[in-house]
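K.L.:
Based on what follows, work out the 3D shape:
(one chain, ligands or ions: 1)
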Amino acid sequence: MNKPALNKPAILALEDGSVFHGTAIGADGQTSGEVVFNTAMTGYQEILTDPSYTRQIVTLTYPHIGNTGVNAEDVESGGIAAAGLVIRDLPLIASNFRSEQTLSDYLKSQNVLGIADIDTRRLTRILRDKGAQKGAILAGPDAEGEDAVERALEAAKAFPGLKGMDLAKVVSCQAPYQWSEGEWDLGSGHADAPQGEHPFHVVAFDYGIKRNIMRMLASRGCRLSVVPAQTPAAEVLAMNPDGVFLANGPGDPEPCDYAIKAIEQLLETDIPLFGICLGHQLLALASGAKTVKMSHGHHGANHPVQDLDTGKVMITSQNHGFAADESTLPATLRATHRSLFDGTLQGIERTDRPAFSFQGHPEASPGPRDVAPLFDRFVAMMQARR
Ligand SMILES: NC(=O)CC[C@H](N)C(=O)O
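P.N.:
As a prediction, this is how the structure comes out:
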């Protein structure tokens, strides 16, 4: 059974003074972070393990979360990265042929807090109207006692906020590694992708990289060397890459000066560059544009994004709270995509060399695949340079 037997209390408090009382479904204790809502109807496991959610507490607008349990194959990184989970209802039973553990047990085993049985519609309306909020969850014994609400509110207000926070270097790998696993398949799972005689050597900066991005590159004939976020450009060039990939990642892109400097230097070469999410924002910054903090960001799996050249609309998965500011693009950058929700810049390319980037990202197995052609484009750029 999924339901906590003892109905342990949990409290969620926001910086604006809002308080929600619910049930603890994960670890006991206290957590704080920026509270954001995600509108995806599926993929809670990919969301929780996306390193870009570091220091964020995620509430899912879809009411039933946990139905399909969790499994070892669908993780996007080594474990849960989100600072906490907020849901309406945890179903009684987790049922799926791939399920290995319940969501509740998974949260507990990773020492991550979760709160259920709260009005996530009320919460989402607050976040939509006031913007992402600093927040805190208290769960279990911490949520008991007369002063529990006061402590929760204090913890919420004490969170410093993500603006100015450099988290890429915090979540990045500490040493380089190789990646060869390809995209998931029902029969073979995550087998190593077959590589031709001359695979493209891609050096990927790990700012908080999601595994499925690496899989999509590997499945397109790339041999990946993943390097820590603070690796200098000279070290990357010494690895003789066919292309360089700039990963997604958490936090504010602006303070990542080491990354911006390395990208500036790589932009002086003719090596193709491809960036996603944080990597997109860093390419913009390294090219002379600016980034801004959005009010509640984009977090979901069905965001329409328009290709400005063809007019075609892609359905994309999104998770970002910062954005490259289109009004600051220098002459060397061209806008290629925009959000059809709110007009936010979603894609750019350099006009003077092979480099481009995109704000949305690919999800693991069930997610939208409209971004796949961007990966093909990167491979075509590397092919053209050979
Ligand atoms: N998914 C990402 O890479 C997010 C980038 C950045 N941390 C943001 O919130 O905008």
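K.L.:
Tally up the residues packed near Val149, please.
P.N.:
Counted with other CB atoms under 10 Å, residues neighbouring Val149 total 15. Glycine gets a C-beta too; all of them are placed from N, C-alpha and C.
K.L.:
need the residues of the stretch 51-200 of the chain near the ligand, please.
P.N.:
Listed as neighbours of the ligand in the stretch 51-200 of the chain under the rule CB under 6 Å from any ligand atom: Ser52.
K.L.:
Contact partners for whatever residue of the stretch 51-200 of the chain ends up closest to the ligand?
P.N.:
At 3.4 Å from the ligand, Ser52 is the closest residue in the stretch 51-200 of the chain, using CB to the nearest ligand atom. Taking CB atoms under 8 Å, 6 or more residues apart in numbering, we find Ser52 in contact with Ala81, Gly208, Lys210, Asn248, Gly249, Pro250, Cys277, Leu278, Asn319, His320.
K.L.:
just curious, which of the residues you listed is nearest to Asn302?
P.N.:
Lowest distance from Asn302 to those (CB to CB) belongs to Asn319, with 12.8 Å.
K.L.:
Check for me that the closest one belongs to a strand.
P.N.:
Yes. Asn319 forms part of a strand when assessed by DSSP: H, G, I helix; E, B strand; the rest coil.
K.L.:
Pull the contacting residues for it.
P.N.:
Neighbour list for Asn319: Asn38, Ile47, Asp50, Ser52, Tyr53, Asn248, Cys277, Gly297, His298, His299, His361 [criterion: CB under 8 Å, 6+ apart].
K.L.:
got any ranges where this structure has weak pLDDT?
P.N.:
Within the chain, the segments meeting pLDDT under 70 span 1-6, 362-368.
K.L.:
Show me the helices in it, by range?
P.N.:
Assigned by DSSP state H, the chain shows helices spanning 44-48, 103-109, 120-130, 148-158, 168-171, 211-218, 233-238, 257-266, 278-286, 372-385.
K.L.:
Can you tell me the closest non-neighbouring residue to Phe356?
P.N.:
Distances taken as CB to CB, 6 or more residues apart in numbering place Glu349 nearest to Phe356, at 3.8 Å, with adjacent residues excluded.
K.L.:
How about the contacts made by Ile315?
P.N.:
Taking CB under 8 Å, 6+ apart, we find Ile315 in contact with Asn302, His303, Pro304, Val305, Pro368, Asp370.
K.L.:
Who is it paired with across the strands?
P.N.:
Under DSSP bridges, the beta-bridge partners of Ile315 are Pro304.
K.L.:
so how far is Asn302 from it?
P.N.:
Distance, Ile315 to Asn302, by CB to CB, to the nearest Å: 6 Å.
K.L.:
Looking at the contacts of Ser52, which is nearest Arg377?
P.N.:
Proximity of the contacts of Ser52 to Arg377 was ranked by CB to CB; the top entry is Cys277 with 16.7 Å.
K.L.:
which non-adjacent residue is nearest that closest one?
P.N.:
Asn248 is the one closest to Cys277 (CB to CB, 6+ apart), at 3.4 Å.
K.L.:
I figured the one you found hits Tyr207, correct?
P.N.:
Yes. At 6.8 Å, Asn248 and Tyr207 qualify as touching, with contact defined as CB atoms under 8 Å.
K.L.:
which of those two has more neighbours?
P.N.:
Taking neighbours as other CB under 10 Å, Asn248 and Tyr207 compare with Tyr207 leading, 33 against 28.
K.L.:
can you pull the contacts of the more buried one?
P.N.:
Tyr207 makes contact with 168, 171-172, 229, 246-249, 256, 259, 278-279, 282, according to CB under 8 Å, 6+ apart.
K.L.:
switch the cut-off to 6 Å
P.N.:
Neighbouring residues of Tyr207 by CB atoms under 6 Å, 6 or more residues apart in numbering: Ala168, Ala229, Ala247, Gly249, Leu278.
K.L.:
do Thr39 as well
P.N.:
By CB under 6 Å, 6+ apart, Thr39 lies in contact with Thr61, Gly300.
K.L.:
do Ala233 as well
P.N.:
Applying CB under 6 Å, 6+ apart to Ala233 gives the contacts Ala262, Gln265, Leu266.
K.L.:
between these, which has the most around it?
P.N.:
Among the contacts of Ala233, Ala262 has the most neighbours (other CB under 10 Å), with 26 neighbours.
K.L.:
follow-up on the earlier one: tell me if I'm right that the residue nearest to Phe356 and Thr332 touch.
P.N.:
No. With contact defined as CB atoms under 6 Å, Glu349 does not count as touching Thr332 (9.7 Å).
K.L.:
Can you pick out the residue with more neighbours from the two?
P.N.:
Under the criterion of other CB under 10 Å, the comparison of Glu349 against Thr332 puts Glu349 first, with 21 against 16.
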